[in-house]
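Peer 1: here are the coordinates; sequence isn't available:
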């Protein structure tokens, strides 16, 4: 099941995009010694070539680079996909990719071009790097990428100088923050995965789908991945960190009698083989998902409506991510193409005063559930910091990369990116806190009371969300939408809950968030992947249920198709 959290550039969270692995970090707070790592030669090769470039790289008559950074991401992954009791695909691969950032000028004014593309700097993807720990081969890849990046940086730098003649820029807005150097060597991890055993497990688990003739498509994917990140820059920062993630992603689709498609999913994440549930337990989870999906198949179709709604934690997290989170990313405050919703609102109330929002990449888990938005260092060599974004409804700070925002002149370790992208400020572990909490039962009572107060025919209970998207650009509508998966209509007279479908949330951020009137005490985690201008990154939300006095729902776009003319072959009475 593809879960999306998106912005105006069609950005996505997808648990199935794990081949773009930017995932869960497993690191120790105590660094290992460099000599303890068998792969230290990779970082040493990077440092050697970095020193050579820093000392000698200069085109005659032009500026030398004032800053260079190298990053190599070494990925090994297994991916096994199953359908109806059979293995549909089984893959194993390993690749190293290199990223080079070369800057010309100085910290106050360099070749970078600020904006929501963030990375229109010479942050160059040199394609693949040899997976052998051969210093000469690794340095050759670095040398080629650095040479090209430097020449691109010079061109950008002089073009930017020329453009300065006619463009108006923010006062006191510098190009790049100067940061403290750090050295870190995490423990060397090893990916443990028995592909043959998991092929058998996937056959067994996916056979569950053969019990349901109403399904039009169904699959399950087991992915095991390890990523080792090597980073060094001319400020003196160097680190190596290992990351391991195991994921199980199940997805099903069916069609209702009216031809509308209905889909559902389950995504499970683990950081060690010991944590992965048994085959029996996974099959139970898959069965539960399918039964839930079939219930929605016979649900009532709703027309567009505006009513009070109660959103359970997963759905609440999506709304906060879309309506608020992306609008607090630093680069969006300095780009004239952005709506800059909160740019002038630091120190002002922007959401209800009983709510606070924190983003904390240093937080590894919540009540035993791993947060895949955790990381020790961002993709610019800065330690991930806990940031209080909104306190008691008042805007305090932004998510910051090394691109300064007026009034915020240093990074708080949120510069993030996936392959072939330059880092910009992104969310990590977004935590919603409230001092107006109620039990689940009380929240439903409050929902019913609000429905009666407004004389509405019903309220809505949203249990899970497929994803969402938001538009933050100045040239388009400042709106967001989110697509529920499991929705119930709540009768204000009886409290009865009946399933409904074919609607999605739509609204404007400031209005929607400020209609929250209460929250639950049932904080829960949602893990997923978020796409933006710098690519796909792992994120988590920790949120309680929220009661909203009014949410607008529009008709969900969905093509109607005739149901299959024949049942699945394993339901054919002739077999």
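Peer 2: Nice, I can see it. Bear in mind the structure is a predicted one, so any value in this text is a computation, not a measurement.
Peer 1: Tell me the helices and strands packed up against the helix or strand where residue 144 lies.
Peer 2: Assigned by DSSP states H and E, residue 144 belongs to helix 135-163. Judged by 3 or more CB pairs under 8 Å, 6 or more residues apart in numbering; DSSP states H and E, the packing partners of helix 135-163 are helix 40-56, strand 65-83, strand 86-104, strand 122-129. Bear in mind the C-beta positions are built from the backbone N, C-alpha and C, glycine included.
Peer 1: Can you point out the buried residues in the first one?
Peer 2: Read that as helix 40-56. By neighbour count on 16 or more other CB atoms under 10 Å, the buried set for helix 40-56 is 40, 42, 43, 44, 45, 46, 49, 50, 53.
Peer 1: and which of these is nearest to residue 377?
Peer 2: residue 43 (13.4 Å; CB to CB).
Peer 1: And the closest residue to that closest one other than its chain neighbours, how far from residue 75?
Peer 2: Excluding the flanking residues, the one nearest residue 43 by CB to CB, 6 or more residues apart in numbering is residue 230, at 4.9 Å. Remark: distance between residue 230 and residue 75 (CB to CB, to the nearest Å) = 12 Å.
Peer 1: Check residue 111 too.
Peer 2: Residue 111 is 29 Å from residue 75, by CB to CB.
Peer 1: Which one of the two is surrounded by more residues?
Peer 2: Between residue 111 and residue 75, residue 111 has the larger neighbour count (other CB atoms under 10 Å), namely 25 against 22.
Peer 1: rewinding a little: return the set of buried residues in the helix or strand harbouring the residue nearest to residue 43.
Peer 2: Element membership of residue 230 [criterion: DSSP H and E] is strand 215-233. Under the neighbour-count criterion of 16+ other CB under 10 Å, strand 215-233 has 215, 218-233 buried.
Peer 1: Pairing partners for it, with directions?
Peer 2: strand 65-83 (antiparallel), strand 238-255 (antiparallel) (DSSP bridges).
Peer 1: just the angle between the shortest one and helix 40-56, please?
Peer 2: Yep, that's strand 238-255 we're talking about. Angle between the axes of strand 238-255 and helix 40-56 is 110 degrees (criterion: axes from the mean of the first three to the mean of the last three CA atoms, to 10 degrees).
Peer 1: any idea of the mean pLDDT in strand 238-255?
Peer 2: Mean pLDDT, computed over strand 238-255, is 95.
Peer 1: Ok, the longest one next?
Peer 2: Model confidence over strand 65-83 averages 96 on the pLDDT scale.
Peer 1: oh, and call the first residue 13 from now on, that's how I've got it
Peer 2: Okay, using 13 as the starting number, the last item reads as strand 77-95.
Peer 1: so where's the stretch 413-562 of the chain uncertain?
Peer 2: 432, 479-490 (pLDDT under 70).
Peer 1: quick one, helices of this protein?
Peer 2: 52-68, 147-175, 207-218, 291-309, 325-335, 452-465, 521-525 (DSSP state H).
Peer 1: still on that earlier bit, and which of the buried residues of helix 52-68 is nearest residue 281?
Peer 2: residue 54 (27.2 Å).
Peer 1: ok, the residue nearest to that closest one when sequence neighbours are not counted to residue 77 distance?
Peer 2: The shortest distance from residue 54 to any non-neighbouring residue, by CB to CB, 6+ apart, is to residue 242 (5.2 Å). Between residue 242 and residue 77 the computed distance is 20 Å (CB to CB).
Peer 1: Could you single out the most deeply buried of the helices of the chain?
Peer 2: helix 325-335 (a mean of 27; mean count of other CB atoms under 10 Å).
Peer 1: right, so of the strands paired with strand 227-245, which gets closest to residue 536?
Peer 2: Using CB to CB, the nearest of the strands paired with strand 227-245 to residue 536 is strand 250-267, at 18.5 Å.
Peer 1: Stretch 198-218: how far from the chain's middle?
Peer 2: A distance of 24 Å separates the centroid of the chain from that of stretch 198-218, by CA atoms, centre = their mean, to the nearest Å.
Peer 1: Between the two ends of it, what distance do you get?
Peer 2: 37 Å (CA to CA, to the nearest Å).
Peer 1: again, but for stretch 496-511
Peer 2: Stretch 496-511: ends 12 Å apart by CA to CA.
Peer 1: No more questions from me, cheers.
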